[in-house]
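[1] how would this look folded up:
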Amino acid sequence: MSEEIFDIVDQYDRVIGQHSRCKIHQLGLRHRSVSLLIFNDSGQLFLQKRSMKKDYSPGQWGASVSGHVDTGEDYDTAVIREAKEELGILLPEIPKKLFKLDACPQTEQEFVWLYECQHQGPFQLHPEEVSDGRWFSIREVNHWVTSCTADLAKSFIFIWRKREQKMRKASTIVS
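    Numbering: from 1, shown residues only. Sure, this is the predicted structure:
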């Protein structure tokens, strides 16, 4: 398998070059990724347990789908591709965009677009990417994020907390 090549971006998320996945992470260069939260009709969130073969957060639980944006690819195309690669699902449309996180240490220097959609499954987990997957209530996820952080990918904890902050802020504006 050939080395993955990703776009390197500046502080404004503008492409300034390309490099291998390995070098980008080794040098801490800014690049792009996507995360997707999948909810079912009962309001449960599907989380994936990352494969032990992953170079980042192996064996830890994370977003329903997450992955890098390939060179020349946009965020929307990447989230559709990653959902197919990791869970074996073909999303009928681009999921709802929630917000974009700036590249920072908590995201491994990745600009991250967070998406959300509804899907009931079933999923076909790709064993190179995902070792397990389950539905969790929001209450369970919130408890996990506050008390059992060693089980969770650090980037997921950061993303989930940002999502919860934005949801609380939005609900106070509406009230």
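
[2] only C-alpha atoms from now on, for both contacts and neighbour counts.
    Will do.

[3] show me where the protein dips below the pLDDT cut-off.
    1-2, 55, 58, 173-175 (pLDDT under 70).

[4] tell me where it has helices.
    21-27, 75-87, 138-147, 154-174 (DSSP state H).

[5] winner for burial among these?
    helix 75-87 (a mean of 20; mean count of other C-alpha atoms under 10 Å).

[6] packing partners for it?
    strand 31-39, strand 65-68 (3 or more C-alpha pairs under 8 Å, 6 or more residues apart in numbering; DSSP states H and E).

[7] 6 Å instead, please
    Using 3 or more C-alpha pairs under 6 Å, 6 or more residues apart in numbering; DSSP states H and E as the contact test, no helix or strand touches helix 75-87.

[8] begin at 421 from now on, thanks
    Shifting the count to begin at 421 puts that one at helix 495-507.

[9] from the chain's centre, how far out does it sit?
    10 Å (C-alpha atoms, centre = their mean, to the nearest Å).

[10] what's the answer for stretch 506-518, then?
    Put simply, stretch 506-518 sits 12 Å off its chain's centre (C-alpha atoms, centre = their mean).

[11] pick out the residue nearest the middle of this structure.
    S455 (2.4 Å; C-alpha atoms, centre = their mean).

[12] what about that residue, distance to S567?
    According to C-alpha to C-alpha, to the nearest Å, S455 and S567 sit 22 Å apart.

[13] now G553
    Per C-alpha to C-alpha, G553 is found 20 Å from S567.

[14] then F531?
    27 Å.

[15] which residues are in contact with stretch 494-501?
    454, 489 (C-alpha atoms under 6 Å, 6 or more residues apart in numbering).

[16] nope, stretch 462-469 is what I meant
    458-459, 479-484, 550-557.

[17] what sits against F576?
    So F576 contacts G482 (C-alpha under 6 Å, 6+ apart).

[18] what do you get if the cut-off is 7 Å, keeping everything else the same?
    482-483 (C-alpha atoms under 7 Å, 6 or more residues apart in numbering).
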